[in-house]
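Student: Okay, sequence plus prediction incoming.
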Amino acid sequence: MRILFAATRTAGHIGPLVPFAHACRRAGHEVLVAAPRSAAPQVERAGLPLAALDDPSEELLAPIWERVHAAEPHDANRIVMEEVYAGEHAGAALPGMLATMQSWRPDVVLRETCEFASLVAAERLGLPQFQVAIFLAAFGDMDWGDLGDPLNRLREQVGLRPDRHPQRLWEEPYLTLAPRSLEYPAAVVSPGTRRFREPPAPPQPLPDWWGGSREPLVYVSFGSIAAGAGFYPAVYRATVEALADLPARVLLTVGDEVDPAALGPVPASVHVEPWVPQNAVMPHAAAMIGHGGSGSTLMAMAAGLPLAVVPLFADQPYNARRVAAIGAGIALGPDRLGELGDAVSALLHEPGYRRAAQAVAAEVAAQPPVDAVVDMLEDIARGGRPGMAAA
């Protein structure tokens with residue numbers, strides 16, 4: 001069986017597909033990731049083959065991003081969904097996506113939430129497809145915008161009739177690694193939704209970057225794109241200063257797009273790296289500071305790790321509010337970075353935060369392993385209906 005995984009660029013969009021792709025490979029099936037050329041480093045890091053598609057024009061994206069940065073969060077998310085992902089990204093990727101499907105002939109297509117070229121191409125070729133969720137709490141609270149016009153423009157390009165009910169897109173079943181507790185209680189979840197868990201990586205020792213210190217480890221990551229999006233070095237510097245006097249070891253990752261040296265001098269208790277595999281850090285950490293990205297938030301919760309969340313953009317404020325609402329962490333705005341020391345101290349010393357995070361971890365552990373998706377995909381490829389358990 002051949003399974004095509006479709007994604008836009010950046011680790012936050014590719015990462016949720018990776019466990020499903022490796023599960024299919026373990027079962028002996030062929031997998032291929034169709035994504036923009038700029039996603040090659042993330043796909044290569046995941047050890048998966050890439051069908052490289054065209055990236056959107058930066059010249060066309062620039063004025064859209066200017067409007068996004070000037071807009072209120074509600075409007076910014078709508079612009080990103082309608083004009084960036086369903087617009088420029090999908091429009092650039094669609095010719096290559098359709099050609100890839102026609103030549104490689106997948107049996108099933110799995111697309112991440114913001115990848116729309118594969119949605120249209122798969123329909124054009126009559127291929128079964130599933131959405132893999134890249135958001136957590138946003139499924140119940142985020143305004144997805146009106147995707148009717150941009151999707152119908154894509155449909156026209158491949159000879160499909162307009163869809164008069166594009167809102168059905170958000171009512172379809174999806175595959176997710178997130179537990180129900182991280183979605184908003186009011187979210188209407190399709191009865192066909194399937195939840196899985198990613199098996200934890202075998203524990204490995206971290207390098208001793210702190211000269212033998214046994215203080216608790218605090219892991220700090222603002223994701224893969226925040227540094228390159230203008231938050232570096234100011235947000236990172238303020239975080240380091242807020243944690244300078246904390247009796248803890250601090251591991252800060254800044255991403256591959258910036259020079260760690262630009263952060264300036266840091267205390268001996270703080271170690272800075274461009275990138276460290278998050279699943280290698282989680283077993284050693286006592287608390288985490290993050291930006292509320294879906295991937296890192298879920299990984300911390302699955303490890304029972306209490307969080308201090310500083311949301312910066314996109315769905316991150318929704319995730320931050322949800323983590324705080326269930327008692328598994330503390331949400332702080334970017335204007336409150338000076339309070340991070342006190343917040344982390346509370347996470348380390350007030351047991352209620354860890355108990356709430358461990359309750360989410362137990363919920364995740366009770367979900368079926370991601371390898372269980374293979375039987376469902378095989379059934380779909382044979383022309384049957386997936387055996388979907390209620391979410």
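Tutor: Noted; the coordinates are in hand.

Student: Okay, domains of this protein per the record?
Tutor: 2-197+367-381, 217-365 (automatic domain parsing).

Student: Tell me which of the ones you listed approaches W210 most closely.
Tutor: domain 217-365 (4.5 Å; C-beta to C-beta). Where C-beta positions appear, they are placed from N, C-alpha and C, glycine not excepted.

Student: show me what contacts F130?
Tutor: Residues in contact with F130 (C-beta atoms under 8 Å, 6 or more residues apart in numbering) are 108-111, 173-175, 380.

Student: could you redo the last one with a cut-off of 6 Å?
Tutor: 110, 175 (C-beta atoms under 6 Å, 6 or more residues apart in numbering).

Student: Can you tell me the strand partners of the strand or helix carrying it and which way each runs?
Tutor: With secondary structure defined by DSSP states H and E, F130 is part of strand 129-132. Strand pairing for strand 129-132, determined by DSSP bridges: strand 108-112 (parallel), strand 174-176 (parallel).

Student: that older thread, which of the domains of the chain sits closest to P203?
Tutor: Nearest of the domains of the chain (C-beta to C-beta): domain 217-365, 4.6 Å.

Student: Could you work out the end-to-end span of that closest one for me?
Tutor: 23 Å (C-alpha to C-alpha, to the nearest Å).

Student: residue contacts, the residue lying closest to V80 once chain neighbours are set aside?
Tutor: The shortest distance from V80 to any non-neighbouring residue, by C-beta to C-beta, 6 or more residues apart in numbering, is to V68 (5.9 Å). Contact partners of V68, counting by C-beta under 6 Å, 6+ apart, are 76, 79-80.

Student: Name the nearest residue to V276, ignoring sequence neighbours.
Tutor: V276's closest residue in space is T253 (C-beta to C-beta, 6+ apart), at 5.6 Å.

Student: scratch that, L160
Tutor: R124 (5.9 Å).

Student: in the stretch 51-200 of the chain, which spans are helices?
Tutor: 58-70, 73-79, 90-104, 117-125, 138-141, 148-157 (DSSP state H, counting those that start in this stretch).

Student: R194 and L175 touch, don't they?
Tutor: Yes. Using C-beta atoms under 6 Å as the test, R194 is close enough to L175 to be in contact (5.3 Å).

Student: so how far is R249 from the residue nearest to L127 when sequence neighbours are not counted?
Tutor: Using C-beta to C-beta, 6+ apart and skipping residues adjacent in sequence, the residue nearest L127 is V109, 5.4 Å away. Going from V109 to R249 by C-beta to C-beta, to the nearest Å gives 44 Å.

Student: Likewise for E112?
Tutor: Distance, E112 to R249, using C-beta to C-beta: 34 Å.

Student: now do G28
Tutor: 42 Å.

Student: Between the two, which has more neighbouring residues?
Tutor: Neighbour comparison, G28 and R249: the larger count goes to R249, with 24 against 8 (by other C-beta atoms under 10 Å).

Student: For the strands paired with strand 129-132, which has the smallest mean pLDDT value?
Tutor: Within the strands paired with strand 129-132, confidence is poorest for strand 174-176, with a mean of 89 (mean pLDDT).

Student: what does it contact?
Tutor: Applying C-beta under 6 Å, 6+ apart, the contact partners of strand 174-176 are 130-133, 193-195.

Student: buried residues in that strand?
Tutor: Buried residues in strand 174-176, counting neighbours by 16 or more other C-beta atoms under 10 Å, are found at 174-176.

Student: Over to stretch 47-61?
Tutor: 48, 50-56, 61.

Student: Show the end-to-end separation of it, please.
Tutor: 29 Å.

Student: With stretch 307-320 instead?
Tutor: Stretch 307-320 has an end-to-end distance of 9 Å (criterion: C-alpha to C-alpha).

Student: quick revisit: wait, which of the helices of the stretch 51-200 of the chain is closest to R237?
Tutor: Judging the helices of the stretch 51-200 of the chain by C-beta to C-beta, what sits closest to R237 is helix 58-70, at 20.9 Å.

Student: any idea how far the closest residue to L125 other than its chain neighbours is from A346?
Tutor: Nearest non-adjacent residue to L125, counting by C-beta to C-beta, 6+ apart: M101, 5.6 Å away. Distance, M101 to A346, using C-beta to C-beta: 51 Å.

Student: Tell me which of the two has more neighbours.
Tutor: Ranked by neighbour count (other C-beta under 10 Å), M101 and A346 place M101 first, with 23 against 16.

Student: Can you verify my assumption that that one contacts L119?
Tutor: No. Under the criterion of C-beta under 6 Å, M101 is not in contact with L119, lying 11.6 Å apart.

Student: returning to what we had before: take the domains of the chain and write them to a markdown table, including distance to L206.
Tutor: Formatted as a markdown table, the domains of the chain follow (distance: least, C-beta to C-beta, whole Å):
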| stretch | distance to L206 |
| --- | --- |
| domain 2-197+367-381 | 19 |
| domain 217-365 | 5 |
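
Student: P207: which of the ones you listed is closest?
Tutor: So among these, domain 217-365 is nearest, using C-beta to C-beta, at 8.7 Å.

Student: The residue nearest to V80 and Q367: what is the separation?
Tutor: Taken as C-beta to C-beta, the span from V68 to Q367 is 34 Å.

Student: What pLDDT is listed against Q131?
Tutor: Looking at Q131, the pLDDT reads 90.

Student: Just give the number of residues close to A39.
Tutor: Residue neighbour count, defined by other C-beta under 10 Å, stands at 22 for A39.

Student: for P63, same thing?
Tutor: Residues contacting P63 under the criterion other C-beta under 10 Å number 10.

Student: Tell me the spacing between it and D146.
Tutor: P63 is 20 Å from D146, by C-beta to C-beta.

Student: show me where pLDDT drops low in the stretch 151-300 of the chain?
Tutor: Residue ranges of the stretch 151-300 of the chain with pLDDT under 70: 166-172, 188, 224-232.

Student: Just the strands from it, written as ranges.
Tutor: Using DSSP state E, counting those that start in this stretch, the strands of the stretch 151-300 of the chain run over residues 174-176, 194-195, 217-221, 249-253, 270-273, 285-290.
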